[in-house]
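# what follows is a predicted structure for the sequence shown.
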Amino acid sequence: MIRRKTLFIWITAAAVLIAGGGAAGLMFKNPTAAAYKDQDGTRFTFKTQGDRFLKYEKDGTWKEIFVKGVNLGATVPGHFPGELPATEEDYLRWFKEIDDMGANVIRVYTIHQPVFYQALVKYNKDKGDDPLYFMQGIWSPEEQLIEQQDAYSEDITKQFKEEIKNAVAAVYGDVTIPQKQGSASGVYKANAGKYLMGWHLGTEWDPGMVKNTNKVHSDVKAYQGKYFSGTEDAAPFENWLASLLDYTAEQEEHYGWEHPVTFTNWVTTDVLSHPGEPLFEEDMVSVDARHVQPTGWKGGYFAAYHAYPYYPDFFRTDSTLQTVKDDQGNYNTYKAYLHQLKAKYKDMPLMVTEYGVPSSVGVSHFGAGGRDQGGHNEKEQGEIDASLTKDIYDEGYSGAILFMWQDEWFKKTWNTMPMELPEDRRASWINVLTNEKMFGLLSMLPGKEKLITIDGNLTDWDRLPEGEVQHWQGKIPGVQDMKITHDEGYLYIGLKLDHPFDPAKSKLYIGADTITGGNQPSATQLPGRKLEGGAPEALIEIGKDDESQVEIAADYDFHQRLYGKEGYWMLPEAEAKNTSPFHPWKLAISLLMNPPDTRYSHPFVDKTIGTLKRGTTDRSKETFDSLTSWQYSGDSIEMRIPWMLLGFSDPSSLQVIDYGPLKERKSFGTTTTDGIRLIPWIVQRDGSGVSWPGGDQKTLNVQSLPLYTWKQWDTVQYSEQLKQSYYIMKDAYTKMSGPKEKKE
């Protein structure tokens, strides 16, 4: 074996010879971040000591720091993460924005393409002793672990070790990874090792897999490695992790560096007991970082958790966490949880390396104190993210790495997955009802969001390229013109009326007919009139602020079909008996739970998601609200309607949910639509009349209305926008210049 000191001399000599040639040479020509050199030549920038995370300073001292950063994904709209499409230009722009925010680290989950490491070296070349660091994640064979339920499976361990070896070599610019679908590949020449903060192994562990691994391998002896070992109390799965941490250290040892090491953990497999958690699997087994110890790794070791304030459900239901109140008098169960967890890790650093809330229309979990998974505008997102960061900081943690930097269109979540079909086109559009897509501080806006400002002023529509807007000037008393356009996120509608719109005196309805079926509006919604030859699947209602919404036809209602008698049969009886022709558009938040499947009963919970918020998307206005759906001004009404509220499962290929019965595994079927027929009408609140395309006729053939349609798109248009939450987090990070003073 080549000794580390010898290898360091060889690398240095090679760098001199290569001077001026590409990214590898670039590394050594530029100023280096401060690093401590041990007697044997091993270098350190970070290490752990007790429960402190330390950084070596240029004055020759070790200083405790608070790690503050963001998780960085590997993709952009129109792509899945395995495609790794980010360019050097993307990375350099993002690094600058992240650095300007006050973060000192970015975390990546897996090996990125060579361009990531090249770009990081290039970005840091003029940063001297204040570079932007990164934490390298190493992806575990997650699918195989869940499928085989045994971490000791030979092929799983082999795959994981191969990934570890490649990750370490990639960081140090010393590997060529062959092309493999869904994984990074290429020639890695840029040595980014001096900008590394630590290694972060694995993904969130499936509790059933952990439990089964411990059971099947109960006779495994404590792992004893050169750098990491399992303690006497280590369970088989923890010993498996110890062996992989040891292997990681062995791989880095070749390059003459030592960095702190951790493995991924999450609340589901934490070391606490949660008597208020209804689901057994969420409190079934623990993975304890204290059961692994560094035995010769001077870079150190720390514990890392993914911890969100709304999952699992015990953040709302466990009374043992109702011990700390916020300024409003509400229980801050997240802070109480952090306090309990930190008490278990008194002798080692502890970080939260994933946390945060999304800025989305959709919601999938409720959290205590309004810290829900979704339903927040950008400002609310930032305020909650900042408050969570402060909770982590105040409880004496060593770091907080926010989830996440950029919005990710490809993501999915449990309560919209059944309606996002086909799955392989999820990245081609942005469904704002899927909260997982919108955790970023950097918004990935659909194509027209910066071109059309929702403010009730339609003049910006005139600046759209020719052919992008369809006009319909039908014979509707009171309506001069209706404009329609679309992008990857919304259907946009603009109406010019004969008179100023007054929601106190009238109400605007727009029916959206996409396929055969639909319902007749009620006598209140369309008094004295009837539709023929078609009917709406969705009904847009524009009136007073508390009235404006999108409703869904009763026999088309996805929520009713999925959770009613045809599906899981969880809806409350009163809701199941709703005979209105159109229902509020809802998403499930929590499923019905009953013993013996769960610890105790828990009701079915849902939320109306079709509410349309009036406001403005003009970022220069104080009244800006990123969740704005509509606005009126004088005689103009302007709106943008999320695709899924109109029944679309994939607008990029004109796919809508069909009316057929649910398939096996409670999945919906889809069909291709020709487009949308919009049926506008205005109802006077005093009962004086209805203005609609049928004129004086009592019936209207929907097929006589123009069809709005478009060609399938496979390439997306998008733009980046720093959210309000970015600036709120910038302020929060600025206030956290160093670690929290520890209480004696």
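The structure has been received and is ready for your questions. Numbering: from 1, shown residues only.
# just the strands in the stretch 251-400 of the chain please.
Secondary structure of the stretch 251-400 of the chain (DSSP state E, counting those that start in this stretch): strands at 261-263, 292-294, 303-306, 350-354, 399-402.
# quick one, which of those gets closest to residue 55.
strand 399-402 (11.5 Å; Cβ to Cβ). Just so you know, the C-beta spots here come from the backbone N, C-alpha and C atoms, and that holds for glycine as well.
# what packs against the closest one?
Applying 3 or more Cβ pairs under 8 Å, 6 or more residues apart in numbering; DSSP states H and E, one finds that strand 399-402 contacts strand 67-71, strand 105-108, strand 350-354, helix 378-394.
# for those, give me JSON lines that also has mean neighbour count.
Listed next are the helices and strands packed on strand 399-402 as JSON lines, based on neighbours: other Cβ atoms under 10 Å:
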{"stretch": "strand 67-71", "mean neighbour count": "25"}
{"stretch": "strand 105-108", "mean neighbour count": "24"}
{"stretch": "strand 350-354", "mean neighbour count": "25"}
{"stretch": "helix 378-394", "mean neighbour count": "22"}
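# could I get these as TSV with mean pLDDT and distance to residue 57?
Listed next are those as TSV, based on pLDDT from 0 to 100; distance: least, Cβ to Cβ, whole Å:
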stretch	mean pLDDT	distance to residue 57
strand 67-71	98	15
strand 105-108	98	16
strand 350-354	98	20
helix 378-394	98	21
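# related to what we said a few turns ago, dump the strands of the stretch 251-400 of the chain to TSV, plus distance to residue 644.
Shown next, in TSV, are the strands of the stretch 251-400 of the chain (distance: least, Cβ to Cβ, whole Å):
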stretch	distance to residue 644
strand 261-263	37
strand 292-294	44
strand 303-306	27
strand 350-354	26
strand 399-402	27
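# where does the stretch 1-150 of the chain have low pLDDT?
When residues are selected by pLDDT under 70, those of the stretch 1-150 of the chain lie in 1-32.
# ok, now with 50
1-31 (pLDDT under 50).
# just the chain next, same as before
Counting by pLDDT under 50, the chain contains low-confidence residues at 1-31.
# show me where it has its helices.
Along the chain, the stretches classed as helices by DSSP state H are 4-18, 22-29, 88-101, 114-124, 142-148, 154-171, 207-216, 236-253, 314-317, 333-344, 378-394, 558-563, 573-576, 724-734.
# mind putting these in TSV, distance to residue 551 included?
As requested, the helices of the chain are exported to TSV (distance: least, Cβ to Cβ, whole Å):
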stretch	distance to residue 551
helix 4-18	66
helix 22-29	56
helix 88-101	40
helix 114-124	46
helix 142-148	39
helix 154-171	49
helix 207-216	40
helix 236-253	49
helix 314-317	29
helix 333-344	35
helix 378-394	25
helix 558-563	11
helix 573-576	14
helix 724-734	30
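# report the contact partners of residue 247.
161, 164 (Cβ atoms under 8 Å, 6 or more residues apart in numbering).
# hmm, I typed the wrong one, I wanted residue 531.
For residue 531, the contacting residues are 511, 520-521, 679, 699-700, 702, by Cβ under 8 Å, 6+ apart.
# same thing but at 7 Å, please
520, 679, 700, 702 (Cβ atoms under 7 Å, 6 or more residues apart in numbering).
# hey, what's it bridged with?
Going by DSSP bridges, residue 531 is paired in beta bridges with residue 700.
# how close does it get to residue 470?
According to Cβ to Cβ, to the nearest Å, residue 531 stands 21 Å off from residue 470.
# how near is the closest residue to residue 251 other than its chain neighbours to residue 250?
Spatial nearest neighbour of residue 251, chain neighbours left out: residue 168 (4.0 Å); criterion: Cβ to Cβ, 6 or more residues apart in numbering. According to Cβ to Cβ, residue 168 and residue 250 sit 9 Å apart.
# how about residue 426?
Distance of residue 426 to residue 250, computed by Cβ to Cβ: 39 Å.
# who's more crowded, these two?
Ranked by neighbour count (other Cβ atoms under 10 Å), residue 426 and residue 250 place residue 426 first, with 23 against 17.
# ok, the more buried one touching residue 416?
No: judged on Cβ atoms under 7 Å, residue 426 makes no contact with residue 416 at a distance of 9.9 Å.
# tally of neighbours for residue 489?
Counted with other Cβ under 10 Å, residues neighbouring residue 489 total 23.
# for the residue nearest to it when sequence neighbours are not counted, which residues are in contact?
Distances taken as Cβ to Cβ, 6+ apart put residue 446 closest to residue 489, at 3.4 Å, once the chain neighbours are dropped. By Cβ under 7 Å, 6+ apart, the contact list for residue 446 reads 430, 487-490, 718.
# right, and the strands of the stretch 251-400 of the chain - which one's nearest residue 312?
Of the strands of the stretch 251-400 of the chain, nearest to residue 312 by Cβ to Cβ is strand 303-306, at 11.9 Å.
# what helices or strands is the closest one leaning on?
Applying 3 or more Cβ pairs under 7 Å, 6 or more residues apart in numbering; DSSP states H and E, we find strand 303-306 packed against strand 350-354.
# parallel or antiparallel, which strands does the strand it packs on pair with?
In the sheet, strand 350-354 lines up with strand 303-306 (parallel), strand 399-402 (parallel) (DSSP bridges).
# would you turn those into JSON lines with mean neighbour count and distance to residue 226?
Below are the strands paired with strand 350-354 laid out as JSON lines (neighbours: other Cβ atoms under 10 Å; distance: least, Cβ to Cβ, whole Å):
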{"stretch": "strand 303-306", "mean neighbour count": "24", "distance to residue 226": "21"}
{"stretch": "strand 399-402", "mean neighbour count": "27", "distance to residue 226": "27"}
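# closest one to residue 506 among those?
strand 399-402 (45.3 Å).
# stretch 492-510: end-to-end distance?
12 Å (Cα to Cα, to the nearest Å).
# buried residues, it. List them.
Within stretch 492-510, the residues scored as buried using 16 or more other Cβ atoms under 10 Å are 492-497, 501, 503, 506-510.
# do the same with stretch 671-685
Buried residues in stretch 671-685, defined by neighbour count with 16+ other Cβ under 10 Å: 673, 676-683.
# gap between the nearest residue to residue 216 once chain neighbours are set aside and residue 160?
Leaving aside its sequence neighbours, residue 216 sits nearest to residue 150 (Cβ to Cβ, 6+ apart; 5.9 Å). From residue 150 across to residue 160, the span is 13 Å (Cβ to Cβ).
# okay, residue 379 and residue 297: tell me how far apart.
From residue 379 to residue 297 the distance is 44 Å (Cβ to Cβ).
# most neighbours out of the contacts of residue 531, which is it?
Top of the contacts of residue 531 by neighbour number is residue 679, holding 24 neighbours under the definition other Cβ under 10 Å.
# which residue, other than its chain neighbours, is closest to that one?
Nearest one to residue 679, counting by Cβ to Cβ, 6+ apart, is residue 511 at 3.9 Å.
# what's across from the one you found in the sheet?
residue 539, residue 679.
# so it touches residue 537, yeah?
No: in this structure, residue 511 is not within contact of residue 537 by Cβ under 7 Å, at 8.5 Å.
# so what's residue 696 up against?
For residue 696, the contact set (Cβ under 7 Å, 6+ apart) is empty.
# meant to ask about residue 635
496-501 are the contacts of residue 635 under Cβ under 7 Å, 6+ apart.
# count the residues that sit near residue 715.
Neighbour tally, residue 715, other Cβ under 10 Å: 7.
# residue 424 versus that one, what's the distance?
Counting by Cβ to Cβ, the gap from residue 715 to residue 424 is 15 Å.
# kindly report the same for residue 52.
47 Å.
# what does residue 53 give?
For residue 53, the distance to residue 424 - Cβ to Cβ - is 41 Å.
# who has more neighbours out of the two?
Counted by other Cβ under 10 Å, residue 53 and residue 424 do not tie: residue 53 has more neighbours, with 26 against 10.
# who does that one bridge with?
residue 48.
# these two touch, right, it and residue 398?
Yes: applying Cβ under 7 Å, one finds residue 53 in contact with residue 398, separated by 4.0 Å.
# what do those two both touch?
Common neighbours of residue 53 and residue 398 (Cβ under 7 Å, 6+ apart) are 67, 302, 349.
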